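Undergrad: Turn this into a structure:
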Amino acid sequence: MSDPQEGFDITVLGAGVVGICTAISLAEKGVRVRLIDRDAPGQATSFGNAGIVSPWSVVPQSMPGLWKKVPGMLLDPLGPISIRPGHLPRVATWGLRFLAQGRIKRVREISEAMDFLVRDSVTLFRQHLAGTGHENLLQDSMYVHAFRDARHANINSTDYEIRREKGAELEIIQAADLRDLEPDLNPDFKAAILIKGQARALSPGRICEVLTDKFRALGGTVLQAEIKAILPQDDQSWKISTSAGLLESPKIVLAMGVWAAELLKPLGIHIPMEAERGYHVEFSDPGVQLNNSIMDMDMKFVGSSMEGGLRVAGTAEFAGLDQPANDKRLQGLIKLASKLAPKLNTSAPNTWMGQRPSLPDSLPCIGEVDGFPNLISAFGHSHYGLMMAPKTGRVVADIATHTPVNNDLTAYNTQRY
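TA: The predicted model follows:
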């Protein structure tokens, strides 16, 4: 490994999928890049997602009328949202900001900003994987939104209308066609809306490993170390306090997800970031196969067949950064998985919990930080990190090399709150 102190133009802090894609895009421009993370690349939050790569994920989390549904969601022990009682006072203010983003005019503004980041997601991932020998880790797929009550499959609702406006091809199917498409799905599902033209990752963690190897092959350096602080210098360079010592860098990209907000506080920058804890359960010998990514639209979780078995992922738990995993949420996912596919073998499940970096408007922070030259944000991607990562990386690489982006980045401004 190269000396961690020398020879780098840019240091990317955070080796999740956003940081990895950013590092590759910079390296492809001939920039000398160092990538630092406490964990092995792509093995923290990026490891555990549902694997959906969609150009049509243009619908923000906060939508009109959501506030009416939240109390019921919180009261349902198997529901998609939970809040640890001790964390309620902190999350309350964030929650009000979040719900305020659900006005239809604001939703459409957010959707435009999301579209810019996800539209090319499948194409850009295929470009990153090209030549690695692991191109098969990304498979063509549909997103099947499955409903137990066919009356709820409203293809003309606002969320589907927004997707159609952006170019998504949608189709509504009834029970018989759904059985043909997904034979192992619970027959209780009576209708589905198909979102076509997507892809799914067969192993998000392995994709990150493969892309990290590509980054190294491009001349990049990976350092595994805990990042403790970022320190601006008089010459506009940066020092980085890490468990490996004090490092120097002319320029840094902050791609540390939920931990980015903590690093910015000493600089006087306060980000309304919530650690939205997500869970998954993976069954290594499932005995069933899902041909596409399936969302249970009643319980708001996703099932997908992957390399390691059948994975169900979802739920949002607000509990802060330091609390241990909630076993009740994991057991709840196992019960939900059984209701999704009744013949599923649920013995010996593998479980996981990670921290989604969530901002009230469902948009990340991307771009130079006002008042701090040579500090570029690339964090806060919430539920959309996997699919927004390749475009975020391209945009950040352009910003860092003073290449015109040709798109208004105001919506992603780090200090917009």
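
Undergrad: my guess is residue 260 is in a helix, correct?
TA: Yes. Assessed by DSSP: H, G, I helix; E, B strand; the rest coil, residue 260 belongs to a helix.

Undergrad: Can you report how many residues lie near it?
TA: Neighbour count for residue 260, taken as other CB atoms under 10 Å: 25. Just so you know, the C-beta spots here come from the backbone N, C-alpha and C atoms, and that holds for glycine as well.

Undergrad: List the contacts of it.
TA: 14, 254, 271, 273, 357, 365, 377, 379, 380 (CB atoms under 8 Å, 6 or more residues apart in numbering).

Undergrad: mind listing what the host helix or strand of the fifth one pairs with, with the direction of each?
TA: I take that to be residue 357. Taking DSSP states H and E as the definition, residue 357 sits inside strand 350-358. Here strand 350-358 is paired, per DSSP bridges, with strand 274-283 (antiparallel).

Undergrad: Now do the helix or strand following the strand it pairs with: everything it contacts.
TA: With elements assigned by DSSP H and E, the helix or strand that comes after strand 274-283 is strand 293-296. Applying CB under 8 Å, 6+ apart, the set of residues contacting strand 293-296 from outside is 50-52, 141-146, 182, 185, 198, 200, 301-304, 336, 339-340.

Undergrad: Residue 377 should be in a strand, yeah?
TA: Yes. Counting by three-state DSSP, residue 377 is located in a strand.

Undergrad: Now do the contacts for residue 209.
TA: Contacts of residue 209 by CB under 8 Å, 6+ apart are 41, 42.

Undergrad: who touches the residue nearest to residue 372 when sequence neighbours are not counted in this structure?
TA: Spatial nearest neighbour of residue 372, chain neighbours left out: residue 232 (6.0 Å); criterion: CB to CB, 6 or more residues apart in numbering. Contacts for residue 232 (CB under 8 Å, 6+ apart) come out as 238, 267, 372, 375.

Undergrad: Among the residues you listed, name the buried ones.
TA: 238, 372, 375 (16 or more other CB atoms under 10 Å).

Undergrad: so how far is residue 184 from the second one?
TA: Residue 372 sits 52 Å away from residue 184, going by CB to CB, to the nearest Å.

Undergrad: thinking again about what came up before, run through who's touching the strand holding residue 357.
TA: With CB under 8 Å, 6+ apart as the criterion, strand 350-358 contacts 44-45, 47-49, 61, 257-258, 260-261, 273-284, 308-309, 316, 321, 325-326, 329-330, 364, 379-383, 385.

Undergrad: Same question for stretch 147-155.
TA: With CB under 8 Å, 6+ apart, stretch 147-155 has contacts from 145, 160, 170, 172, 174-175, 188-193, 297-298.

Undergrad: Now that stretch: buried residues?
TA: 147, 148, 153.
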